[in-house]
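Student: the amino acid sequence is not available; the structure is as follows:
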């Protein structure tokens, strides 16, 4: 008990040291008096200095007098989380300075309502709803404050349609860890300066100007590691964004319905610029990852051969070729741009689409390497008649992102691209907007890593026996968009490349000691005639080899191998064929193909019964097998079981010399097996 009392007294003592004064509001009245007079504030003329820490469960300090200085002297003003309203309230005040105070746990740290020419400086403002909130307040200075971990905004205007705040200077503040936006201006917040601030690690934008916030200057800020945009201008025209460092944010700068802005001399590191429904702005001398951000508007016949990001607006016949456009927002953006070419570029690790087209027609996008992006590989919005071919688009892993995304876009030709290992390969919305996803036969369509079809047929209708490097069934995107001739491997095919395309057996059940025929189909994807050897395996045991198979360019061959099962234990065997690697071949994954399984069992053990008991062989020849054989003999067995009755009967060596019919020879052999007289 004594220990408990001692600890309790120590806690009370610590609280008394940290928190002084009543839990209500402290007023600096219009006549200069302090109410209540016991509050820990000392007055010296117009200088009011805190002499201790203060806690309040309502408003903290309300200043009702102009031309005063409130100096916190490093003491704290602490609210009680959601119960407290405003830490420091300035309503209709003029020329008030608030400095050197630690303010936390209020709904609003400092509130300025219809106040002007005041100075908020050198304060530590943390864990509040808003750090500093302006409402119809102009010509104020907010400088040198540390604003951290706000529940919504670091510094903001109210978001009220009736709000008008202008000519405020926000400079030298450190704003970090807010759940929302670092600095948010909205609704006619005009002609203010946001400069020299460090705005980092906020969950929303670094700076967001929203709806008619215009003629503001955003200069010389460090805007880094914010979850969303570094700077967002939405419906906010004629702003100046100059000399900022914009690094490592979810994205760099967006202009949305915000025309007439000036964007000069900004440095983007792993970020970039995006424009949407905006025009008539100036973009000059910006760099993206130490390379120029190339912005062209109303230009034609230009070759872009060095850039960190490319934005084309109302342009024609622009060539963007052989660039490394990595770690930015969008590698190449085309807005109302026609007849241009984007080719041979390496566009990787970008936040949004690597290539973005809106209202753009007749462009060519070819031979680009588009990998590891967080957004869509290629995004088309309201864009038709474009040719998209020969691109490698892979490893787009972010949720709801696609190798290619088409929004209100039709009549585009999309073929010979490789779509590999993306979260989604292709998406078209609305789905009734049709595009061409192949170049006809035999040119073919695209490679899709999630395609599950096989290549055992050839020809325009894919109904002739033989491989042709094209899948036998279409790749379906939606009811109006399908690749009718999906490629079995990425385009272009290598000069030296062979593959096994199928391994099939004449039957999947064979009597122990007898032969089964194995059919192996191989295809030469390359440009030269090749001479290959094929090794055949049952499980991991080599059962044979076929040598010196000549295979001309872009052609198939079918070779047969007869496996004699003598010496193999009864059981299930997986059959695999492996083609030797030819000289110069690099893609060898398809040189090996595992095909049908074969069950080696007792002759006559057909595995009879009712589906799915077919092929459930038990090592004996009994009534179930007899019933199934008789169905085969009379032609009433299910199609998938008919071949089981073709035992190849007769006298040795005709056993298992199957002829495709179930006839008297087979009946004779089965009856021998059924009566225990068979081999």
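Tutor: Great, that's in hand. Here the structure is a predicted model, which means the values were calculated and not measured. Residues are numbered from 1 along each chain as shown.

Student: quick one: pLDDT of the closest residue to residue 91 other than its chain neighbours?
Tutor: What sits nearest to residue 91 in space, not counting adjacent residues and going by Cβ to Cβ, 6 or more residues apart in numbering, is residue 113, at 4.5 Å. The C-beta positions use only the backbone N, C-alpha and C, and glycine is treated the same way. On pLDDT, residue 113 comes in at 96.

Student: pretty sure residue 113 sits against residue 138.
Tutor: No - taking contacts as Cβ atoms under 8 Å, residue 113 lies outside contact range of residue 138: 11.8 Å.

Student: before we move on, the earlier item: list the contacts for the residue nearest to residue 91?
Tutor: Going by Cβ atoms under 8 Å, 6 or more residues apart in numbering, residue 113 touches 89-92, 135-137.

Student: with residue 502 instead?
Tutor: Applying Cβ under 8 Å, 6+ apart, we find residue 502 in contact with 454-456, 467, 519-521, 593, 595.

Student: and these, which is closest to residue 420?
Tutor: residue 455 (17.5 Å; Cβ to Cβ).

Student: against residue 467, how distant is the closest one?
Tutor: 5 Å (Cβ to Cβ, to the nearest Å).

Student: common neighbours of those two, please.
Tutor: Both residue 455 and residue 467 are contacted by 501-502, 523, under the criterion Cβ under 8 Å, 6+ apart.

Student: residues touching the residue nearest to the spatial centre of the chain, list them.
Tutor: Central residue of the chain (Cα atoms, centre = their mean): residue 398, 2.5 Å from the mean position. Contacts for residue 398 (Cβ under 8 Å, 6+ apart) come out as 373-375, 423.

Student: are we agreed that it is in a strand?
Tutor: No - with DSSP: H, G, I helix; E, B strand; the rest coil as the criterion, residue 398 is assigned coil and is not in a strand.

Student: give me the pLDDT for residue 198.
Tutor: 98.

Student: which strand residues bridge it?
Tutor: Here residue 198 shows beta-bridge partners residue 174, residue 222, assigned using DSSP bridges.

Student: then residue 358?
Tutor: residue 335, residue 381.

Student: same question for residue 515.
Tutor: Under the criterion used (DSSP bridges), residue 515 bridges to residue 564.

Student: residue 242 now?
Tutor: Beta-bridge partners for residue 242, by DSSP bridges, are residue 219, residue 264.

Student: correct me, but it touches residue 216?
Tutor: No - Residue 242 lies out of contact with residue 216 (Cβ under 8 Å); the separation is 11.5 Å.

Student: quick one, which of these two is more surrounded?
Tutor: Legend: neighbour count by other Cβ atoms under 10 Å for residue 242 and residue 216, higher for residue 216 (26 against 18).

Student: OK, contacts around the more buried one?
Tutor: Residues in contact with residue 216 (Cβ under 8 Å, 6+ apart) are 185, 189-194, 209, 236, 239-240.

Student: ok, now residue 323?
Tutor: Residue 323 makes contact with 304-307, 310, 331, 345-346, according to Cβ under 8 Å, 6+ apart.

Student: that one and residue 112: what is the separation?
Tutor: Separation of residue 323 from residue 112 (Cβ to Cβ): 48 Å.

Student: ranges for the helices of this protein?
Tutor: Remark: helices assigned in the chain by DSSP state H are 2-18, 623-634, 664-674.

Student: weakest of these by average pLDDT?
Tutor: Per-stretch mean pLDDT for the helices of the chain is lowest at helix 2-18 (a mean of 37).

Student: what's the closest of the contacts of residue 502 to residue 382?
Tutor: Ranked by distance to residue 382 (Cβ to Cβ), the contacts of residue 502 are led by residue 455 at 36.8 Å.

Student: and that closest one, how far is that from residue 353?
Tutor: From residue 455 to residue 353 the distance is 32 Å (Cβ to Cβ).

Student: just give me the neighbour total for the closest residue to residue 496 other than its chain neighbours.
Tutor: Distances taken as Cβ to Cβ, 6+ apart put residue 584 closest to residue 496, at 3.7 Å, once the chain neighbours are dropped. Burial measure for residue 584: 12 neighbouring residues, criterion other Cβ under 10 Å.

Student: residue 584 contacts residue 530, correct?
Tutor: No - checked against Cβ under 8 Å, the pair residue 584 and residue 530 is beyond contact range at 9.7 Å.

Student: give me the common contacts of these two.
Tutor: Both residue 584 and residue 530 are contacted by residue 496, under the criterion Cβ under 8 Å, 6+ apart.

Student: what's opposite residue 148 in the beta bridge?
Tutor: With DSSP bridges as the rule, residue 148 is bridged to residue 126, residue 176.

Student: that one: what's it in contact with?
Tutor: Shown in contact with residue 148 (Cβ under 8 Å, 6+ apart): 124-127, 174-178.

Student: for those, could you give me JSON lines that also reports neighbour count, pLDDT and distance to residue 158?
Tutor: Formatted as JSON lines, the contacts of residue 148 follow (neighbours: other Cβ atoms under 10 Å; pLDDT from 0 to 100; distance: Cβ to Cβ, whole Å):
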{"residue": "124", "neighbour count": "18", "pLDDT": "98", "distance to residue 158": "23"}
{"residue": "125", "neighbour count": "30", "pLDDT": "98", "distance to residue 158": "17"}
{"residue": "126", "neighbour count": "19", "pLDDT": "97", "distance to residue 158": "21"}
{"residue": "127", "neighbour count": "18", "pLDDT": "97", "distance to residue 158": "21"}
{"residue": "174", "neighbour count": "17", "pLDDT": "98", "distance to residue 158": "23"}
{"residue": "175", "neighbour count": "31", "pLDDT": "98", "distance to residue 158": "18"}
{"residue": "176", "neighbour count": "21", "pLDDT": "98", "distance to residue 158": "23"}
{"residue": "177", "neighbour count": "16", "pLDDT": "97", "distance to residue 158": "22"}
{"residue": "178", "neighbour count": "30", "pLDDT": "97", "distance to residue 158": "17"}
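
Student: circling back to that earlier point, among the contacts of residue 216, which one has the most neighbours?
Tutor: In terms of neighbour count, residue 185 stands highest of the contacts of residue 216 at 32 neighbours, by other Cβ under 10 Å.

Student: all good on my end, thank you.
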